[in-house]
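Novice: Sharing a model prediction with you, sequence too.
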Number of protein chains: 2
Amino acid sequence: MRRLQFWFEFASTYSYVAAFRVERVAGAAGVTVDWKPFLLGPIFRDQGWNDSPFNVYPAKGRYMWRDMERLCAAEGLPLKRPSQFPRNGLIAARVATLEEAAPWRAEFARRIYAANFGDDRDIGDPVLVGSVLGSLGLPAAEILEAAHIRENKERLRLQTEEAVRLGIFGAPTFIVDGELFWGNDRLEQAVAWREHS
Amino acid sequence: MRRLQFWFEFASTYSYVAAFRVERVAGAAGVTVDWKPFLLGPIFRDQGWNDSPFNVYPAKGRYMWRDMERLCAAEGLPLKRPSQFPRNGLIAARVATLEEAAPWRAEFARRIYAANFGDDRDIGDPVLVGSVLGSLGLPAAEILEAAHIRENKERLRLQTEEAVRLGIFGAPTFIVDGELFWGNDRLEQAVAWREHS
């Protein structure tokens, strides 16, 4: 069974679109998706940015929001431009990093994305994250507590370090057989990838 | 007749791939291509970069060269990683800006790109630019002289200012009916674009 790693960051707009496409596109090709949460903040800071590049470079930001309107319209996804951007995805990323999240990681991630970009909700607020967990029928308080124990925070930190080691510099990134594809618009190419050597 | 503006910079790797795809993809949809040379240098300098972002951000650069290998292989385009990157596309851009270049602008551009990225030639050298003009059966010395008169230099400067005004921040960029699409991988979307309002 071929596998595709889907590296995502909750503050990332194009990761939102990819999160709602990846299972469908990969599934149609018989490819299994591994959802890999990580943090862009430390990676961007290493590049000298203390903010999203879409805020640092306004022309790029204006284009991105217009592009998101077109993409979301084409995908039938709601888009309400967040009143705060980027939002802090740390708590949600810690929840998604939990080992026990395996059965519900993908659906949790989609609901966090929908809250952030479809509904302009503050995903940095633990109450919002808890309500998303509750909507999945999960014990929110227990999971939030587990997400904040040291081993799990360390897990997310290591996963972000692994992203850097793999050459990841933005989100979403797809990896198939060690081959890296950056951007929602490269999902189809990633799924179709086969080593030609 | 629908028209697509193809904004390109001779130092831009993804513009190379787009230059060899744009007439085919647009033509198949009955769309006419307007080739618009401009300079990224002044735009990047306004963003605080004195070099290509692919050099400023090494992880992004490593990905780009690997991605170019994949793309060029898929398109059947030669790729020889230039021993100098980015190369200075100023002279070639001035030539492509000439009004009288209209009948040969596209083919001239493709040959300059092929020299830069397929053959590792220095496109910043007027001798190389002249030899490309000669290969098209054109009077190289005369054209190079015309390219450097003040009105033509000003034309290129104004075209670059127009690019900024249109919201362009990178290359290639496609514009259809005022709608902007950034990146070689958005060519198909640009050609298919119709205002839905």
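Specialist: Arrived safely, thanks for sending.
Novice: May I have the beta-bridge partners of the closest residue to residue A:173 other than its chain neighbours?
Specialist: Nearest residue to residue A:173 in three dimensions, chain neighbours excluded: residue A:7, at 4.3 Å (Cβ to Cβ, 6 or more residues apart in numbering or on different chains). Using the backbone N, CA and C atoms, a C-beta is placed for each residue, glycine as well. Beta-bridge partners recorded for residue A:7 (DSSP bridges): residue A:36, residue A:173.
Novice: Just give me the neighbour total for residue A:7.
Specialist: Applying other Cβ atoms under 10 Å in any protein chain shown, we find 27 residues neighbouring residue A:7.
Novice: In this structure residue A:180 contacts residue A:169, no?
Specialist: No. Judged on Cβ atoms under 8 Å, residue A:180 makes no contact with residue A:169 at a distance of 9.5 Å.
Novice: quick one: common contacting residues for these two?
Specialist: residue B:63 (Cβ atoms under 8 Å, 6 or more residues apart in numbering or on different chains).
Novice: where exactly do the strands run in chain A?
Specialist: Secondary structure of chain A (DSSP state E): strands at A:3-8, A:32-37, A:173-176, A:179-182.
Novice: Any buried residues in the first one, and which?
Specialist: The neighbour-count check on strand A:3-8 (16 or more other Cβ atoms under 10 Å in any protein chain shown) flags A:4-8 as buried.
Novice: Over to stretch A:77-93?
Specialist: Buried residues in stretch A:77-93, counted by 16+ other Cβ under 10 Å: A:77, A:79, A:82, A:85-93.
Novice: how about that stretch as PDB, C-alpha atoms only?
Specialist: The C-alpha trace of stretch A:77-93 is given here as PDB (Å, rounded to 0.1, in the frame of the first residue of the first chain):
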ATOM      1  CA  LEU A  77     -15.800  25.100   0.800                       C
ATOM      2  CA  PRO A  78     -17.000  28.000   3.000                       C
ATOM      3  CA  LEU A  79     -14.500  30.900   3.400                       C
ATOM      4  CA  LYS A  80     -14.900  33.700   5.800                       C
ATOM      5  CA  ARG A  81     -11.700  35.700   5.900                       C
ATOM      6  CA  PRO A  82     -10.500  35.300   9.500                       C
ATOM      7  CA  SER A  83     -10.600  38.600  11.500                       C
ATOM      8  CA  GLN A  84      -7.200  37.500  12.900                       C
ATOM      9  CA  PHE A  85      -4.500  36.000  10.700                       C
ATOM     10  CA  PRO A  86      -2.500  33.900  11.300                       C
ATOM     11  CA  ARG A  87      -4.200  32.300  14.300                       C
ATOM     12  CA  ASN A  88      -2.300  30.300  16.900                       C
ATOM     13  CA  GLY A  89      -2.600  26.700  16.000                       C
ATOM     14  CA  LEU A  90      -0.400  25.400  18.900                       C
ATOM     15  CA  ILE A  91      -3.100  23.800  21.100                       C
ATOM     16  CA  ALA A  92      -4.900  22.200  18.100                       C
ATOM     17  CA  ALA A  93      -1.500  20.900  16.800                       C
END
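Novice: neighbouring contacts of the lengthiest helix in chain A?
Specialist: Identified as the longest helix of chain A according to DSSP state H is helix A:58-75. Contacting residues not belonging to helix A:58-75 are listed as A:13-14, A:17, A:20-21, A:52-55, A:77-79, A:81, A:117, A:184, B:164, B:167-170, B:180, B:182, B:189, B:196 [Cβ under 8 Å, 6+ apart].
Novice: Could you list the residues of chain A in contact with chain B?
Specialist: Within chain A, the positions adjacent to chain B are A:47, A:57, A:59-60, A:62-63, A:66-67, A:70, A:73, A:164, A:167-170, A:180-183, A:185-186, A:189, A:196 by Cβ under 8 Å from any Cβ of the partner chain.
Novice: For the buried ones among the residues you listed, write the corresponding ChimeraX selection.
Specialist: In ChimeraX, a selection of the buried entries from the residues of chain A next to chain B looks like this (16+ other Cβ under 10 Å):
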select /A:47,57,59,60,63,67,167,168,169,170,180,181,182,183,185,186,189
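Novice: on that earlier part again, could you export the strands of chain A as CSV, including mean pLDDT?
Specialist: Below are the strands of chain A laid out as CSV (pLDDT from 0 to 100):
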stretch, mean pLDDT
strand A:3-8, 98
strand A:32-37, 98
strand A:173-176, 98
strand A:179-182, 98
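Novice: now the ones you listed in a markdown table, with distance to residue A:147?
Specialist: Formatted as a markdown table, the strands of chain A follow (distance: least, Cβ to Cβ, whole Å):
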| stretch | distance to residue A:147 |
| --- | --- |
| strand A:3-8 | 17 |
| strand A:32-37 | 11 |
| strand A:173-176 | 23 |
| strand A:179-182 | 28 |
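Novice: Show me the one of the ones you listed that comes nearest residue A:98.
Specialist: The closest approach between residue A:98 and any of these, judged by Cβ to Cβ, belongs to strand A:32-37 at 9.9 Å.
Novice: tell me which strands and helices the closest one is in contact with?
Specialist: Here strand A:32-37 touches strand A:3-8, helix A:22-28, helix A:90-97, helix A:105-113, helix A:150-165, going by 3 or more Cβ pairs under 8 Å, 6 or more residues apart in numbering or on different chains; DSSP states H and E.
Novice: Check these for me and report the most buried one.
Specialist: Ranked by mean neighbour count under mean count of other Cβ atoms under 10 Å in any protein chain shown, these are led by helix A:90-97, which reaches a mean of 24.
Novice: Next, the angle from that helix to helix A:105-113.
Specialist: Helix A:90-97 runs at 160 degrees relative to helix A:105-113, counting by axes from the mean of the first three to the mean of the last three Cα atoms, to 10 degrees.
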